[in-house]
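> Give me a 3D structure for the following:
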Amino acid sequence: MGSILLFSAIVALASALVILPITNSKKDKKNNRKGPLITTLILLFPLIFGFYYLTNLDRNFTSLWPLLIAVTATGAVFARGMERIVKTCLLIASILVAIYILAAPIFNADEKYERANMDEQTEITAFDETKTPASVPPQFARNKMKKSFGQVPNTSYYELGNLQIQKVNGEYVYIAPVEFSGLFKWIKGNQTPGYFTMSATDSSANPKFIDESMSYTPSSFFNKNIERHIRMAYPNRIFYGSVQLEVNDEGKPYYIRTYGEFISARNGFDPLGIVMVDPTSGSTEDYPISEIPAFIDGAISPESVSLHNSYFGNYINGFWNSVFGKSDVKLPSDEGTEANVSPVFDENGDMYYFTDFTSPKEGVDSMLGYALTNSRTGEATYYTGNLENSYMDSRGALDIIEKKFIEKEWNGEMPILYNFYGEASWLVPVLDSNGFLQNYFIVSAANPEISAYADTPNAALKSYKTALQRGGGSVDGNSAADEKQVTGTVVRVYKEKSDPYTIVSFLLDNGNSYIVSSETYPLAIYIQEGDTVDVTFLDTGEMFLPVKEIEIEGLR
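From the prediction side, this is the model:
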């Protein structure tokens, strides 16, 4: 608290000295000059203190440029003679500073692009079909937590806070703190009672309330407000993005906030580390990116990732091109669940922020590429996708779902692009008008006519595999599964007509079941019990293994 008082006092005193004239006429020399100085200080000090206390703005002197213009302009008006000339020069200098700060977005576009530049690859690694993606949509998780709010003591005092996903003890879960519902509830309650946790992979799981009292929270007031508490501890740090709750493997919660630096002037942002706060005691620690504790998943705020995506997409050819010509410009999607990006986890359990990019031309739903940004390091990779195909963007996938379930008024949320069976595919949870999960929809990004849906992600994957085999797509070797070969005798056969093709499922004498479409291998419709077959398949670990090639003995 002392630092903001000292800062406000210094700024108020300097402003008063500039505003009040130093040289006086002979008549004015008889007057007491202390009175006007004290009066000006009394007026300015609470204004400056109140502004910085309420806004939590960094207390670097560059943040004073609007006040500098007002003070020097007022001082020039009241001054006389040579003093007026000096203060007019100060006014001109302050205007030049303001021009430099306000014009920074025009001149630092190239540097922004360099800071946000990404490694480039063609396609993401294929998804392991034996695992379950973290696909429970946040809106659904939030609704279930609200339904479980009766677990919270003194329920009327509180409301559910912001939701975020993370990995705790190897499990992907949603975390949402319990927050005060107003000033008077904060005065009565003083502390929030804890937070909710819920599985991010199992939609049938129920939320659990964890009892963990917290005093420093986003909904607390005055010096107990977490953002103000962080600002008081780090008055000069540049923060970007909201505070987020992170939980360690023992269930202990911490609030974190990303800090960094301006790219130039007071414009742009580049993350450098985090400040971590114990919400019970208020103790703070700061960590550079290279030293962030292992349990923290979202060290880089989603807001800063979204900002860098904008730099990367817009400023490839400078600022003016982003406004007029727009050559090679690509716009990041706004369909993400957190600040226009969506958190996803890779096969190693590392969290990334996903964003797809589309054309700035209106009415075009073609995806130009997509990006994954590591949520701990900020390192990003841009994927162009198969350049021979035109991929549909996330908005296009949501539009397909809206039309598919138009009578039921269901909508998609949280579209994520995966590599399923070697096919770039959108996985989208489908919610009803009340925000409850109804099914999971998978649609090919390159062939939107190929789609499937089911009650669970894994069931939708199985249906999607069948749809790929009978449609224009293919289950190929780009899948994460190993390609294997087997020769055996057919024990059982099941054939299902799916116009215009037939899906053939068969069991070999090795005990494994396989599935193939007549679209991929037309002679598969002739498979009978007792046939000897030579099968090349993908070992996905599923009950029905997808066939790439098959030869039936006696048929050529």
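
> chain center to the one helix or strand in the chain whose mean pLDDT sits lowest, what's the gap?
Every helix and strand of the chain was ranked by mean pLDDT, DSSP states H and E. The lowest is helix 457-470, at a mean of 81. A distance of 28 Å separates the centroid of the chain from that of helix 457-470, by Cα atoms, centre = their mean, to the nearest Å.

> Correct me if wrong: Ala452 contacts Ala459.
No. Applying Cβ atoms under 8 Å, one finds Ala452 not in contact with Ala459, separated by 9.1 Å. All C-beta atoms are positioned from the backbone trio N, CA, C, and that covers glycine.

> Of these two, which one has the most company?
Per other Cβ atoms under 10 Å, whichever of Ala452 and Ala459 has more neighbours is Ala452, with 22 against 14.

> what sits up against the helix or strand the more buried one falls within?
Using DSSP states H and E, Ala452 maps to strand 451-454. For strand 451-454, contacts defined as Cβ atoms under 8 Å, 6 or more residues apart in numbering pick out 400, 404, 430, 439-444, 460, 462-464, 466-467.

> Taking those residues together, which two end up most distant?
Greatest spacing in these, by Cβ to Cβ: Ile400 and Lys462 (20.1 Å).

> mind listing what's buried in the least confident helix or strand of the chain?
Under the neighbour-count criterion of 16 or more other Cβ atoms under 10 Å, helix 457-470 has 457-458, 460-470 buried.

> Then stretch 101-116?
Ile101, Ala104, Pro105, Asn108, Ala109, Glu111, Lys112, Tyr113, Arg115, Ala116.

> Dump those residues into TSV; add pLDDT as well.
Converted to TSV, the buried residues of stretch 101-116 look like this (pLDDT from 0 to 100):
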residue	pLDDT
Ile101	96
Ala104	96
Pro105	95
Asn108	96
Ala109	97
Glu111	97
Lys112	97
Tyr113	97
Arg115	96
Ala116	96
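
> which one among those gets closest to Asn190?
Ile101 (41.0 Å).

> Take the helix or strand where the closest one lies, keep the C-alpha atoms, and write them as CSV.
Element membership of Ile101 [criterion: DSSP H and E] is helix 81-102. In CSV, the C-alpha atoms belonging to helix 81-102 read as follows (Å, rounded to 0.1, in the frame of the first residue of the first chain):
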residue,chain,number,x,y,z
GLY,A,81,6.7,35.2,-20.3
MET,A,82,9.6,32.8,-20.6
GLU,A,83,7.9,30.3,-18.3
ARG,A,84,5.0,30.0,-20.8
ILE,A,85,7.5,29.3,-23.5
VAL,A,86,9.2,26.6,-21.4
LYS,A,87,5.9,24.9,-20.5
THR,A,88,4.7,25.2,-24.0
CYS,A,89,7.8,23.2,-25.1
LEU,A,90,6.9,20.7,-22.4
LEU,A,91,3.4,20.4,-23.8
ILE,A,92,4.8,19.8,-27.3
ALA,A,93,7.1,17.2,-25.9
SER,A,94,4.3,15.4,-24.1
ILE,A,95,2.2,15.5,-27.3
LEU,A,96,5.1,13.9,-29.2
VAL,A,97,5.3,11.2,-26.5
ALA,A,98,1.6,10.6,-26.9
ILE,A,99,1.9,10.3,-30.7
TYR,A,100,4.8,7.8,-30.3
ILE,A,101,2.7,5.7,-27.9
LEU,A,102,-0.5,5.9,-30.0
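
> And it, how far out from the chain middle?
42 Å.

> for stretch 94-114, same thing?
27 Å.

> And stretch 270-278, by the same measure?
17 Å.

> List of residues touching it?
115, 216, 226, 229-230, 233-234, 237, 239-240, 243, 246, 254-261, 263, 283-289, 291-293, 296, 299-301, 304, 378.

> Among these, name the buried ones.
For the contacts of stretch 270-278, buried by 16+ other Cβ under 10 Å: 115, 216, 226, 229-230, 233-234, 237, 239-240, 243, 246, 254-260, 263, 284, 286-287, 289, 292, 296, 299-301, 304, 378.

> can you list contacts of the least confident helix or strand of the chain?
129, 132-133, 135, 201, 420-421, 423, 425, 427, 439-442, 444, 450-454, 473-475, 498, 501, 503, 515-520, 542, 544, 546.

> Sort out for me which of the residues you listed are in strands.
420, 423, 425, 427, 439-442, 444, 451-454, 498, 501, 503, 515-517, 544, 546 (DSSP state E).

> related to what we said a few turns ago, among the buried residues of helix 457-470, which one lies nearest to Gly511?
Ranked by distance to Gly511 (Cβ to Cβ), these are led by Lys462 at 19.1 Å.

> Right, I'll leave it there.
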